[in-house]
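K.L.:
sequence first, predicted model second:
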Amino acid sequence: MQRKQGKVIFNFLPVRAGGGLQNSLSFLTLLASDMQFNQLSIILCWADSDIEALCLKKGLKYHSIPYSKVNRLCFEFFGASKVVKPKDVIFTLFGPPLLRNYGAKRINGCAYSNLFYPELDFWGFLRLPSRIIKKVIDFYRKRMLAQSDVIIFETNSLLQRAKKDILFKNKDLQLIEMSPSVLVDSKNVRKSVLRDFNSRLMKDGQIDILYLSGAHPNKRHFLLPAIIKELNSINGNYRLITTLPKSKYLERLEAEFHNRDIRECLINLGPISPEDVPSLIEATDCMCNIALLESFSNNFVEAWRMSKPLIVTDADWSRACCSTAAVYIDPIDSKKSAISINRVFSNNADLDLLALNGEKQLCNLPSREERYDMYKNIILEYLK
């Protein structure tokens, strides 16, 4: 009797929105076109999610559960046994591995940069009780990650830090660098969507800086009002464009702009669908990411792919990712940051050079297809 081959369980339960969702949809789009491989696969996802919708559209086999933390815990502890078998491989592109592996091999992507930068007070914005809770979660999260058979990092700087960590001493640590989502391309700019964004932005000569991200204090949106204020004292043409959901976080950001008497310099469009991202980037003038710490940000490759200038935090992790393809600022120093940003936008040659360097950075990264094949090869190596 022929020995039954194991399955690949693609765990997308940690993915809800943002860059993780874009990259997950991009990965699944390529998986859907790989008929032989996707026949071995089952997708774990949330019911009524974008991932479930793509699975239905592309005919991918999937298992979905209604969204809630309780449902996820119950599934991972008990329900997953109906899906996962000992010969299988569980692949998690983003987020923590399943709580139980049921004898299957675990391959996990890792973008938890804060787990490997102990010198940075990543949760310093929280009050002491909440900060302690987050650090305890990180403590166990790191140990859960270390239980994986393979851990795949997005940047060499994170990989090198993991190699020096005693928890990962005997683990199979791999590097697969980021590539642009298949959705982010100038060819995917939709004229009707672009017209809608242009109408909502009501551009009249302003320089619009897009911060495409969710609401998290690590993103440090609250440092931008002071920078925009300084920029407009120099030039008078800068605005910040955000995609934040309605929340206390957004209310605080709006208050910061209002208190500086530059309320009109913040335009929040609210969350947008992944399909609309290229159209929004096209409608703006540059992108920024002033986070305290990132693994690798979609903002980087999105800006380069769409030939937009990129403004980022000046730090070792950002310089390792972006090299000469970004404007580096210390966002805490609003005056110097404004001078650096305005200098670039005052010189077309600098803008052209940034675009050219962005293209060079993209050439150093794997294509979407190459990145998919790297993941596939690792998975097949462990599939029984």
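P.N.:
Received the coordinates, thanks. Being a predicted model, the structure only gives us computed values, none of them experimental.
K.L.:
quick check: next helix or strand after the helix or strand where I137 lies?
P.N.:
When secondary structure is defined by DSSP states H and E, I137 falls within helix 128-145. Stepping forward along the backbone from helix 128-145, the first helix or strand reached (DSSP H and E) is strand 150-153.
K.L.:
on contacts alone, who are the packing partners of that following strand?
P.N.:
Secondary structure elements in contact with strand 150-153, counted by 3 or more CB pairs under 8 Å, 6 or more residues apart in numbering; DSSP states H and E, are strand 105-110, helix 156-163, strand 172-175, helix 368-382. Yep, even glycine has a C-beta here, placed from its N, CA and C like the rest.
K.L.:
ranking those by burial, who's on top?
P.N.:
Ranked by mean neighbour count under mean count of other CB atoms under 10 Å, the helices and strands packed on strand 150-153 are led by strand 105-110, which reaches a mean of 23.
K.L.:
quick check: K336 vs I234, distance?
P.N.:
Computed as CB to CB, to the nearest Å, the K336 to I234 distance reads 12 Å.
K.L.:
kindly report the same for K384.
P.N.:
The gap separating K384 from I234 is 62 Å, by CB to CB.
K.L.:
equivalent analysis for V84, please.
P.N.:
Using CB to CB, we find V84 at a distance of 58 Å from I234.
K.L.:
more neighbours: these two, which one.
P.N.:
Per other CB atoms under 10 Å, whichever of V84 and I234 has more neighbours is V84, with 25 against 15.
K.L.:
which element is that one on?
P.N.:
Assigning secondary structure by DSSP H and E places V84 outside every helix and strand.
K.L.:
contacting residues for it?
P.N.:
By CB atoms under 8 Å, 6 or more residues apart in numbering, the contact set of V84 is I9, I90, L98, N101, Y102, A104.
K.L.:
ok, now L351?
P.N.:
Shown in contact with L351 (CB under 8 Å, 6+ apart): P309, V344, F345.
K.L.:
repeat that for 6 Å
P.N.:
Taking CB atoms under 6 Å, 6 or more residues apart in numbering as the criterion, L351 is in contact with P309.
K.L.:
in the chain, what helix or strand scores lowest on average pLDDT?
P.N.:
Sorting the helices and strands of the chain by mean pLDDT, DSSP states H and E puts helix 18-33 at the bottom, at a mean of 85.
K.L.:
what's the first helix or strand after that one?
P.N.:
Per DSSP H and E, helix 18-33 leads on to helix 35-38 as the next helix or strand towards the C-terminus.
K.L.:
residues of that next one that come out buried?
P.N.:
Burial within helix 35-38, assessed by neighbour count using 16 or more other CB atoms under 10 Å, is assigned to F37, N38.
K.L.:
before we move on, which element is T324 in?
P.N.:
T324 belongs to no helix or strand, assigned by DSSP H and E.
K.L.:
that one: how many residues sit nearby?
P.N.:
T324 is flanked by 13 other residues according to other CB under 10 Å.
K.L.:
right, and it touches G358 too?
P.N.:
No: between T324 and G358 there is no contact, the gap being 9.2 Å when judged by CB atoms under 6 Å.
K.L.:
picking up where we left off before, report the buried members of the contacts of V84.
P.N.:
With neighbours counted by 16+ other CB under 10 Å, these contain buried members at I9, I90, L98, N101, A104.
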